[in-house]
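> The sequence isn't on hand, but the structure is:
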Ligand SMILES: Cc1cc2nc3c(=O)[nH]c(=O)nc-3n(C[C@H](O)[C@H](O)[C@H](O)COP(=O)(O)OP(=O)(O)OC[C@H]3O[C@@H](n4cnc5c(N)ncnc54)[C@H](O)[C@@H]3O)c2cc1C
Ligand SMILES: Cc1cc2nc3c(=O)[nH]c(=O)nc-3n(C[C@H](O)[C@H](O)[C@H](O)COP(=O)(O)OP(=O)(O)OC[C@H]3O[C@@H](n4cnc5c(N)ncnc54)[C@H](O)[C@@H]3O)c2cc1C
Ligand SMILES: Cc1cc2nc3c(=O)[nH]c(=O)nc-3n(C[C@H](O)[C@H](O)[C@H](O)COP(=O)(O)O)c2cc1C
Ligand SMILES: Cc1cc2nc3c(=O)[nH]c(=O)nc-3n(C[C@H](O)[C@H](O)[C@H](O)COP(=O)(O)O)c2cc1C
Ligand code: FES
Ligand code: FES
């Protein structure tokens, strides 16, 4: 028997696969294509206190092996979420991680309070890294003090595991992982998307209405893996890795680099039936390598240098 | 007649296409596939004062729509370059931009002195952004003071245009463009590669001997375009853009975003005959849009918002 | 519930230098598709192109009374449509569906007027079959740039569909936009009805169903509204997922309180009531 | 000078579940290729996979006295080789070449001993033709995992090549590595020569040319050196460009001053003198 469970602070996940925020609606949209209780967790779409309309179209554009998005956090707000979505998610036995986003520190705290009182929330992911909105969010994520303050303030008002989600758009992501750890975070998750843009050369206009957007998908995977590797070496709390995972191999790569759990975003758009394939692939890998617990794979990258460099083909 | 020339400080380039450093050997390797004098410029492989062996294999690995490299700046050193390569490049009538790399500030200055005295160097590109070597280089490129110091010191000893090459691995690349401008740079070029890694999941070893390497190729293009756009708005000196250009459309996208000239690296590996195709594509575009001078395209992105968002297909 | 099928290309028929009809062996999807629903397809492997693309189901293929697959009418505009154009028998295309809200089908004596602009013809073949099964009388207003881009005319004629054609260059049918004959006919149908006294001006004697370029949909919705006819329009948005996951495909819809909000067209549509949408 | 040809697939022959021989209509390249040279190929479009991959030219195809193309012997190990395996007639493969340093060809009375491991057979078909044209006597030591992975045996026999076979499972030829019969035969050839007095022990009576896995090349170079024979080995490195632009493909070479330095195998090789390379 292979043990796929992993531990994120006080939270035990049945397996390391989490649906990434913003790429899985409120979870309920996917109840018809995947058994939500079979996932390690479901990170729902980033929520503000209030409802938000988001940006006008175009909101996404495809790029080589990736995509840009500037959705602008369209959403139903925390109150409607708790009323309209959470009961259904509970019925579906999903492990719900709520991704929260505030314009001010107080808004994060208020969101955390509300969600801590709600029934069926497993953890809070602090979105301090969305590149697509002007107010709040990323201004915390790009400052070590801001990161520390948000995390420690939220920690004071909740019993739930708190997972700040880090932006890759910084010089030294490991410093942000350290600031999070010092502030009491139970884990960190990374990466959010890379600030990027695309231009329609015929009209000379940006392809996104918001001008810039966030790059996700396989294109960013090698950068994300490096950042997870750096964070893993910088902190003792678990690292949740993501960025371009599209196969079991990719998920395993992140875990070897240091991720205790992984999130999958863009690939779920390409293949909403990817989840059992990922789980099967991870199981098959562990069996082949005779590893009994997926947790034993975490951070096992071997950086000792080899003597000979023959390619075996 | 379409005017393809562009101006980089005191240097006039016949057209905006430059072969990117490290992706075109010392230029002479490509004399058989492309007429070097038909290029706007040739940025030769990064040179230290001394010869260097570089890193052991593996030095590259392919990733989705991109590649990682950790060559480690293997090279013949500046003296052999001046003796062995520069005469041939002169004979081929190449506009030679020498990419220089130092472990110390003094080494940059010394390199600049030597190359300013040599015959046939058109400009100096300061590589303060190579992610693959431990000493020097990127430590300057990741500090505003370091960037300022290298640029101003080199400016003091050379009459050649000085072009610091910026790293994308920072929170605010525009600040580095500004520091460069204040230090007297004639232009900035960006982006160098993104620090990244890939792991062989079967052996759990990094795929590169250096563990980490630099991501280049189409995958990074949307991030690079955004950075060029930001720098263009931050400084008055010309911006030389690069990162994933693989077609005339891509080159034009960078110019609309704000690049006065562009460099092409990885795509030259895929298609060493790309150069005339790029030039023809740019000419055709300018003709179709009735733009007489390619320089008139630079920075013409239109960010006013549209009223209707119909897709025309 | 949608399913994902690694569908074999049964055949690929090029209709012009840009249009093709590709037949895919996805019987599970074909059998479950209602007119106006779509599939998300991805030909080829690898991550470039990365995302699937939405296509209306054009026809449901039957052989010996069994459903054997579906066809897509595709117009070549970019990378995926070029791959669909070039595909050959035996190639594999990932096909996810059926997805989205279908056209509501009208029963006799109500009539269905279908309005297609260019590749917007796509939902109306499967729709014709469904309406024929109900005995609903159908008219197809069909416009294109030029006569060479009007396809499947005999197919529709053979099924008793009345055709009203328009081309921008006047090479076939009326010169100009197809919304002109639509407006004219709707006006005279209303006058005739009023004269006959059989129907009110706002009567439910016909529904106008449209698919095509945005400005055409807008015109159709206005024309129908002006004459008190119901319209259903199938909109085209860039879609990242087709399942409601990404919020890329939104379109502004009236919220009933004088305001508007963005609705995901992949699950709230792609077919909307023309009166629901915000056109300005 | 290399050229880039958008080469049509003339035919694609599968030799096993992993090996295929693909024929490409690139006569310009074929006509200019010397044995041991390679091409950089890219099947398919788009940026994933991104880079070309190196393949030795296997055969030069002639019809009616004209060169019509070349073939590659490919073993499926990853994404590009899978695409080459699956390619069908009419597909397009970008093919850049000829590239790299060829094997130096020996003239009679010197003999050429070719040593191939697995897909390392690739350079030796074109080589056999070139040597046959000179009248040089040839032996092919050819090893594989199993008999089912020894290909083109009749092809070589028909051209008068003496075959010495070995398989790891012993199903065809000798059980074990092909370097064992090589070493044995080289030893006895040397003894025979010494007895006959006709050649010095270090004589230039034969050259050993090898292509295959790294450890095999190393063994060949050592065996040849120990018996005073010249060896040429074709090495396999990951290649980003094939033209000397990227410095990815380096291999350590003795610098003549007791040291070593990295040489780009795409232009300094892929064929090196076995004695030049640093094996430890
Ligand atoms: C519900 C729905 C049903 C559709 N049915 C059909 C159909 O039956 N037949 C048909 O030919 N087309 C149909 N389309 C349009 C089709 O999805 C696009 O033409 C296709 O996505 C273009 O893909 P590409 O890779 O060829 O183009 P790309 O290379 O991605 O882009 C080329 C051009 O197409 C536009 N485009 C890109 N993605 C979309 C998109 N998702 N929707 C619309 N335009 C887009 C871009 O703005 C660009 O101008 C439908 C669209 C929707 C939303
Ligand atoms: C000069 C030269 C001549 C060659 N001739 C032949 C030939 O005639 N027939 C043949 O089948 N193969 C040949 N090879 C090896 C061939 O290039 C690789 O098998 C091929 O690049 C693998 O590509 P892929 O996309 O299928 O594999 P990938 O998906 O890229 O990788 C799969 C595996 O192959 C290895 N690999 C990747 N790239 C290379 C590379 N450039 N060289 C070697 N191994 C690599 C990787 O380490 C990995 O383990 C030659 C290599 C060289 C350098
Ligand atoms: C359309 C879209 C919407 C997203 N919305 C959110 C969000 O609301 N909150 C958040 O923290 N991350 C959001 N993200 C980022 C993803 O959760 C994830 O960090 C990123 O896409 C990288 O993973 P991937 O490459 O697997 O998609 C969004 C990403 C996409 C593509
Ligand atoms: C193999 C390789 C070697 C490189 N060597 C150098 C170098 O010596 N100096 C330098 O400034 N940049 C170097 N670069 C970075 C490129 O010049 C360029 O900035 C980067 O690759 C992005 O452009 P591209 O996507 O067009 O390749 C190298 C890139 C590659 C792929
Ligand atoms: S296409 Fe993703 S929400 Fe509609
Ligand atoms: S493959 Fe690029 S230098 Fe050899």
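Looks like it came in fine. Only a predicted model underlies this, so the values are computations on that prediction, with no experimental measurement involved. Numbers count the residues shown, from 1 in each chain, chains lettered A, B, ... in the order given. Ligands and ions are numbered 1, 2, ... in the order given.
> so residue A:254 sits in a helix?
Yes - with DSSP: H, G, I helix; E, B strand; the rest coil as the criterion, residue A:254 is located in a helix.
> Count the neighbours of it for me.
If you count neighbours by other C-beta atoms under 10 Å in any protein chain shown, residue A:254 ends up with 29. Just so you know, the C-beta spots here come from the backbone N, C-alpha and C atoms, and that holds for glycine as well.
> That one touches residue A:225, doesn't it?
Yes - the pair residue A:254 and residue A:225 passes the contact test of C-beta atoms under 8 Å, sitting 6.1 Å apart.
> Identify the contacts common to those two.
When contacts are counted by C-beta atoms under 8 Å, 6 or more residues apart in numbering or on different chains, the set common to residue A:254 and residue A:225 consists of residue A:241.
> The residue nearest to residue C:107 when sequence neighbours are not counted: what's it in contact with?
Leaving aside its sequence neighbours, residue C:107 sits nearest to residue C:134 (C-beta to C-beta, 6 or more residues apart in numbering or on different chains; 5.4 Å). Applying C-beta under 8 Å, 6+ apart, we find residue C:134 in contact with C:105, C:106, C:107, C:108.
> where does the stretch 51-200 of chain A have low pLDDT?
Filtered on pLDDT under 70, the stretch 51-200 of chain A yields the residue ranges A:130-138.
> Identify the residue of it closest to ligand 2, quick one.
Nearest residue of the stretch 51-200 of chain A to ligand 2 (C-beta to the nearest ligand atom) works out as residue A:65 at 14.9 Å.
> Doesn't residue C:262 lie inside a helix?
No - per three-state DSSP, residue C:262 lies outside any helix segment and is strand.
> circling back: give me every residue that touches the residue of the stretch 51-200 of chain A closest to ligand 2.
Residues in contact with residue A:65 (C-beta under 8 Å, 6+ apart) are A:217-219, A:244, B:64-66, B:218-219, C:47-48, C:50, D:47-48.
> Give me the buried subset of the contacts of residue C:134.
C:105, C:106 (16 or more other C-beta atoms under 10 Å in any protein chain shown).
> Save the contacts of residue C:134 as a markdown table, and put in secondary structure, distance to ligand 6 and pLDDT too.
Output for these, formatted as a markdown table (DSSP: H, G, I helix; E, B strand; the rest coil; distance: C-beta to the nearest ligand atom, whole Å; pLDDT from 0 to 100):
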| residue | secondary structure | distance to ligand 6 | pLDDT |
| --- | --- | --- | --- |
| C:105 | coil | 61 | 96 |
| C:106 | coil | 65 | 94 |
| C:107 | coil | 69 | 94 |
| C:108 | coil | 71 | 92 |
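> out of the contacts of residue C:134, who's nearest residue C:123?
Taking C-beta to C-beta as the measure, residue C:123 lies nearest residue C:105 of the contacts of residue C:134, at 11.7 Å.
> which residues touch the closest one?
Listed by C-beta under 8 Å, 6+ apart, the contact set of residue C:105 reads C:35, C:112, C:127, C:130, C:131, C:134, C:136.
> Can you tell me which of those are classed as buried?
Among these, the ones that count as buried by 16+ other C-beta under 10 Å are C:35, C:112, C:127, C:130, C:131, C:136.
> Just the ones in helices from the residues you listed, please.
Mapping those onto helices (DSSP state H) picks out C:127, C:130, C:131.
> SS state for the residue of the stretch 51-200 of chain C found nearest chain A?
In the stretch 51-200 of chain C, the residue found nearest to chain A is residue C:51; the distance is 5.4 Å by C-beta to the nearest C-beta. Following three-state DSSP, residue C:51 is assigned to coil.
> got a pLDDT number for it?
Predicted confidence (pLDDT) for residue C:51: 98.
> Same question for residue C:32.
At residue C:32, the model reports a pLDDT of 97.
> Verify the stated contact: it with residue C:102.
No - between residue C:32 and residue C:102 there is no contact under C-beta under 8 Å: 10.9 Å.
> which non-adjacent residue is nearest residue C:221?
residue C:274 (3.1 Å).
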